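[1] Need coordinates for the below:
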Amino acid sequence: MRLAFILSEIGGGLRRNLSMVISVVLVTCVSLTFVGTAALLQMQITQMKGFWYDKVQVAIFLCSDTSNAPNCASGPATAEQKAGIQTLLNSAAVKPYIKSSVFESQADALKHFREQFANSPIKDTVTADQLPSSFRISLVDPQKYQIINETFSATPGVDSVIDQRKLLESLFTFMNAASVVAIGIAALMIVCAVLLIATTIRLSAQSRQREIGIMRLVGASKTVIQLPFVLEGVIAAAVGALLASAAVWAIATFFVQGFLAGQFKDTPFIAANQALYIGPLLLILGVALAAISSSVSLRRHLKV
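    Numbering: from 1, shown residues only. Predicted coordinates for the structure are as follows:
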């Protein structure tokens with residue numbers, strides 16, 4: 001009988017405040033969608049870092065006819081200088097840090113350049129003598145770049161030592177900034193959702209003061225009186241969280257996998273099913289926020 005009474009009270013409350021309940025659902029949905037999107041973005045950043053950081057290399061560019069570095073005052077790198085660099089790469093002081101190394105000639109550099117810019121009009125404007133030869137090095141630990149830089153930057157025949165990881169840092173910095181913005185918007189929307197839930201529950205309780213008075217007279221406990229109001233907020237927030245979970249899954253499925261993965265085939269994107277792990281967390285967060293805000297609102301405005 002008590003359960004049936006609580007359910008009837010919940011149904012009545014949801015019907016009386018339908019417009020406010022819909023507002024709670026929508027605001028909760030939008031706020032948790034931002035939370036879920038920020039989580040997706042962080043998962044994407046982590047996956048891209050793990051993929052690209054294992055592939056990026058340190059490039060030791062050798063002196064060419066167009067080099068202006070102090071090491072290149074005598075002209076292009078000679079065969080003896082190239083052999084000296086290779087010997088240094090195989091030395092006991094450097095070899096433990098190197099996973100693999102390969103020499104890229106100017107002809108190889110031109111071939112790779114034309115592959116990279118196959119759809120660009122500049123593809124045929126560059127010649128092999130304009131591109132430097134280089135040693136491409138994969139490190140055991142990419143964080144040890146500085147050791148290679150200090151070892152080879154002053155070596156005769158070396159124009160420059162470039163850590164390709166630095167080319168990715170700007171991308172990851174931008175993605176992290178976007179994630180922070182999404183989290184900030186999500187936090188603001190969550191505050192709005194909490195205030196709206198609290199207001200909705202307070203108005204619902206005030207509109208039923210007569211019923212609450214009767215329940216007090218018949219000896220209903222504080223929990224029985226307050227529970228229907230709390231559950232109204234929880235149900236509305238749970239619906240919003242479920243809609244947010246569906247929205248996050250749709251973003252991962254249709255935007256990330258459907259669009260981005262098709263446009264950037266060489267980039268590893270998160271799988272759509274990874275978004276399913278976010279859904280339960282959004283549901284727990286939405287329910288917890290609704291339960292807490294409803295309880296606080298009732299304690300402040302409803303004297304039982």
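[2] Look at residue 162 and give its secondary structure.
    State at residue 162, reduced to three classes by DSSP: H, G, I helix; E, B strand; the rest coil: strand.
[3] Distance check, it against residue 136.
    Residue 162 sits 10 Å away from residue 136, going by CB to CB, to the nearest Å. For glycine as for every other residue, the C-beta is placed from the backbone atoms N, C-alpha and C.
[4] Repeat that for residue 62.
    Residue 62 is 12 Å from residue 136, by CB to CB.
[5] neighbour-wise, which of the two wins?
    residue 62 (26 against 16; other CB atoms under 10 Å).
[6] Bridged to the more buried one, which residues?
    residue 158 (DSSP bridges).
[7] follow-up on the earlier one: which residues are common contacts for residue 162 and residue 136?
    Residues touching both residue 162 and residue 136 by CB atoms under 8 Å, 6 or more residues apart in numbering: 58, 59.
[8] who's in contact with residue 246?
    Contacts of residue 246 (CB under 8 Å, 6+ apart): none.
[9] pLDDT score for it?
    Listed pLDDT for residue 246 reads 95.
[10] Quick check: which element contains it?
    helix 222-250 (DSSP states H and E).
[11] Point out where the protein drops to low pLDDT.
    Applying pLDDT under 70 to the chain flags residues 1-17, 50-56, 116-121, 167-168, 171, 204-225, 266, 300-304.
[12] Show me what the lengthiest helix in it is packed against.
    The longest helix of the chain (DSSP state H) is helix 165-206. The contact analysis (3 or more CB pairs under 8 Å, 6 or more residues apart in numbering; DSSP states H and E) places helix 165-206 against helix 18-52, helix 222-250, helix 278-301.
[13] can you rerun that using 10 Å?
    Packing partners of helix 165-206 (3 or more CB pairs under 10 Å, 6 or more residues apart in numbering; DSSP states H and E): helix 2-16, helix 18-52, helix 209-217, helix 222-250, helix 278-301.
[14] now the angle from it to helix 222-250?
    Helix 165-206 runs at 150 degrees relative to helix 222-250, counting by axes from the mean of the first three to the mean of the last three CA atoms, to 10 degrees.
[15] and helix 165-206, how far from the chain's centre?
    13 Å (CA atoms, centre = their mean, to the nearest Å).
[16] and the angle from the helix holding residue 246 to helix 278-301?
    150 degrees.
[17] ok now helix 222-250, how far from the chain's centre?
    The answer for helix 222-250 is 26 Å, by CA atoms, centre = their mean.
[18] Surely residue 42 is in contact with residue 175?
    Yes: using CB atoms under 10 Å, residue 42 makes contact with residue 175 at a distance of 8.8 Å.
[19] In three-state terms, how would the residue lying closest to residue 130 once chain neighbours are set aside be classified?
    Sequence neighbours aside, residue 66 is the residue nearest to residue 130 in space, at 6.9 Å (criterion: CB to CB, 6 or more residues apart in numbering). Assigned by three-state DSSP, the conformation of residue 66 is coil.
[20] For residue 201, give me its contacts.
    Neighbour list for residue 201: 13, 17, 20, 24, 226, 228-234, 236, 290, 293-298, 301-302 [criterion: CB atoms under 10 Å, 6 or more residues apart in numbering].
[21] 7 Å instead?
    229, 232, 233, 294, 297, 298 (CB atoms under 7 Å, 6 or more residues apart in numbering).
[22] Is residue 110 within a helix or a strand, and which one?
    Using DSSP H and E, residue 110 falls in helix 106-116.
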